[in-house]
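Participant: Turn this into a model:
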Amino acid sequence: MSSIALSPSVAASASSSATSRVVNWGRFARIGLATVLAAVVANVLVYVLGDVVVGYDRDFLILGNPSGVAIFTFAAAVVAVLVYGALLRYARNPVRVFYAVSAVVFVVTTIPDFTYVPSLEGASNSQTAILVLTHVVAAAVFVRLLTTRARPRSL
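Facilitator: Residues are numbered from 1 along each chain as shown. Alright, predicted model coming up:
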């Protein structure tokens, strides 16, 4: 009969490593809200400055007005905050996993910008570049604010 048993010190260290992080969820909620607002404001600013520099073609509906940029950034920011919150709760190394998830999501969300968007009416290379820039800005805000301001603390 074979038995595998953990000594009390190994069992204690295994259970303590799983609970050695403390997350202040109230603080996380405030940081999450700030992240959402910062990302939306940053991308609306990119939209406005892009219009000054590029002069959007109004037939290009994706950049037809700033509300579209704000709404899509808001939705992506909320999802990013929720994903990072889940990683804080369940992942052994939430920051590293969030970096990886963010990189994959960034690449996947920019694929249509390079494949589908250029075929739309009114699309130009400069407008597509602004659209990609909104992805870059949003990703930078999500990753920077969440991983630096909402890091889990060790006990």
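
Participant: what's in contact with the strand or helix carrying Asp113?
Facilitator: Per DSSP states H and E, Asp113 falls inside helix 94-115. Under the criterion Cβ atoms under 8 Å, 6 or more residues apart in numbering, residues 76, 80, 83-84, 87-88, 91, 128, 131-132, 135-136, 139, 142-143, 146-147, 151-152 lie in contact with helix 94-115. Using the backbone N, CA and C atoms, a C-beta is placed for each residue, glycine as well.

Participant: just checking, what packs against the helix or strand following it?
Facilitator: Remark: after helix 94-115, the chain's next helix or strand is helix 125-149, criterion DSSP H and E. Helix 125-149 sits against helix 25-54, helix 66-90, helix 94-115, with contacts defined as 3 or more Cβ pairs under 8 Å, 6 or more residues apart in numbering; DSSP states H and E.

Participant: Which one of the ones you listed lies nearest to Gly122?
Facilitator: Gly122 sits nearest to helix 25-54 of all the helices and strands packed on helix 125-149, at 11.9 Å, using Cβ to Cβ.

Participant: Could you give the average pLDDT over that closest one?
Facilitator: Computed over helix 25-54, the mean pLDDT rounds to 95.

Participant: Measure how far that helix is from the centre of its chain, please.
Facilitator: Helix 25-54 sits 11 Å away from the centroid of its parent chain (Cα atoms, centre = their mean, to the nearest Å).

Participant: What helices and strands are in contact with it?
Facilitator: Counting contacts by 3+ Cβ pairs under 8 Å, 6+ apart, helix 25-54 packs against helix 66-90, helix 125-149.

Participant: Any idea which helix or strand in this protein has the lowest mean pLDDT?
Facilitator: helix 8-18 (a mean of 45; mean pLDDT, DSSP states H and E).

Participant: Mean confidence (pLDDT) on the helix or strand that that one is followed by, please.
Facilitator: Beyond helix 8-18 on the C-terminal side, the first helix or strand identified by DSSP H and E is strand 21-22. The average of the pLDDT scores along strand 21-22 is 74.

Participant: Same check on stretch 127-140?
Facilitator: 96.

Participant: buried stuff in that stretch?
Facilitator: 127-128, 130-131, 134-135, 137-139 (16 or more other Cβ atoms under 10 Å).

Participant: and the closest residue to Thr35 other than its chain neighbours, what pLDDT?
Facilitator: Closest residue to Thr35 apart from its sequence neighbours, by Cβ to Cβ, 6 or more residues apart in numbering: Leu145 at 4.4 Å. Note on Leu145: pLDDT of 95.
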